[in-house]
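Asker: sequence first, then the predicted structure:
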Amino acid sequence: MPVADLTLLEQAARKAGELALTYWEGSFQHWDKPEDAGPVTEADLAVNDLLHDMLTGARPSYGWLSEETQDDATRLTKDRCFIIDPIDGTRSFMAGEKTWSHSIAVVENGQVIAGVVYLPATNIMYRAARGAGAFVGDIRMQVQGVDHVENARILANRAVMTSGHWMHGSAPGFDRHHRPSLAYRMAAVAEGKFDGMITLRPTWEWDVAAGVLIVEEAGGVVCDRTGNAVQFNNPKPQSKGLIATSETLRDQFLDNLDRR
């Protein structure tokens with residue numbers, strides 16, 4: 001069943017990409033969400049509606065959790081649930097950049113079993129099914145990892161470097177890079193383009209669900225900032241940050257982090 005769900009997710013992602021590109025290549029309205037929750041565009045909402053109709057139409061027994069849909073607690077009663085970010089990297093989308101993505105996952109009893117991260121502007125599809133490996137196109141991916149965090153190329157925003165997060169008053173001296181989409185950051189780690197990614201702020205499930213499975217199926221490990229495994233379809237759909245990398249670098253991050 002994970003493979004059948006993955007096929008559905010790939011089909012939905014491509015349809016979503018076709019729709020999103022009509023906005024990205026033209027003009028669209030945008031506004032700020034309440035409570036400083038960030039920007040949203042009419043493209044986010046249109047893609048959300050398309051994905052909801054296509055996915056729940058094909059799997060009516062599954063729950064639904066999306067950044068752009070009012071949360072419905074009935075999802076908590078479902079064994080399986082779609083977890084969706086219609087456009088991850090909305091600011092990138094608005095700026096005309098290419099690193100925004102659709103992040104689409106199926107979760108079963110708290111674990112991701114199928115996921116895709118699709119970048120329509122570059123037509124790159126990252127995908128994984130539980131137990132079947134992670135792929136970009138037809139190429140199987142493998143997480144890379146150097147031996148020491150100080151030699152690592154890590155995707156992280158500037159806030160990660162704040163001294164209060166780290167036991168010794170400063171972050172390890174890794175080579176920091178940034179991409180606006182959390183989903184794409186995780187896919188890039190799975191592809192071996194970077195040695196890991198880390199975010200230390202509370203992290204919404206829809207930003208990372210698909211990416212967690214893609215990293216794990218590429219041989220990497222994922223945990224929250226306290227070192228605990230990440231579960232999905234929670235009443236409050238957030239994790240305590242996220243680390244996705246090799247086992248060796250994961251342990252070195254956790255040794256350096258103030259995990260209180």
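Answerer: Ah, there it is. Numbering: from 1, shown residues only.

Asker: can we go C-alpha only for contacts and neighbour counts from here?
Answerer: OK.

Asker: in its sheet, what does the helix or strand harbouring Trp31 sit against?
Answerer: Element membership for Trp31, per DSSP states H and E: strand 30-32. Strand pairing for strand 30-32, determined by DSSP bridges: strand 39-41 (antiparallel).

Asker: distance between the partner strand and the chain's centre?
Answerer: Offset of strand 39-41 from its chain centre (Cα atoms, centre = their mean, to the nearest Å): 18 Å.

Asker: now the helix or strand just after that strand - C-alpha only, CSV.
Answerer: Remark: after strand 39-41, the chain's next helix or strand is helix 42-58, criterion DSSP H and E. Output in CSV follows, covering the C-alpha atoms of helix 42-58 (Å, rounded to 0.1, in the frame of the first residue of the first chain):
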residue,chain,number,x,y,z
GLU,A,42,-4.0,32.7,-3.8
ALA,A,43,-1.8,30.0,-5.3
ASP,A,44,-1.3,28.4,-1.9
LEU,A,45,-5.1,28.2,-1.5
ALA,A,46,-5.8,27.0,-5.1
VAL,A,47,-3.2,24.2,-4.8
ASN,A,48,-4.5,23.2,-1.4
ASP,A,49,-8.0,22.9,-2.9
LEU,A,50,-6.8,20.8,-5.8
LEU,A,51,-4.8,18.5,-3.6
HIS,A,52,-7.7,18.1,-1.1
ASP,A,53,-10.1,17.1,-3.9
MET,A,54,-7.7,14.8,-5.7
LEU,A,55,-6.3,13.0,-2.6
THR,A,56,-9.3,12.7,-0.4
GLY,A,57,-11.4,11.8,-3.4
ALA,A,58,-9.0,8.8,-4.0
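
Asker: from the chain's centroid, how far away is the following helix or strand past helix 42-58?
Answerer: Sequence-wise, the next helix or strand downstream of helix 42-58 (DSSP H and E) is strand 63-66. Taking the mean of its C-alpha atoms, strand 63-66 sits 15 Å from the chain's own mean (Cα atoms, centre = their mean).

Asker: contacting residues around strand 63-66?
Answerer: Around strand 63-66, the neighbours that count as contacts under Cα atoms under 8 Å, 6 or more residues apart in numbering are 48, 52, 56, 71-72, 74-76, 78, 80-86, 206, 233.
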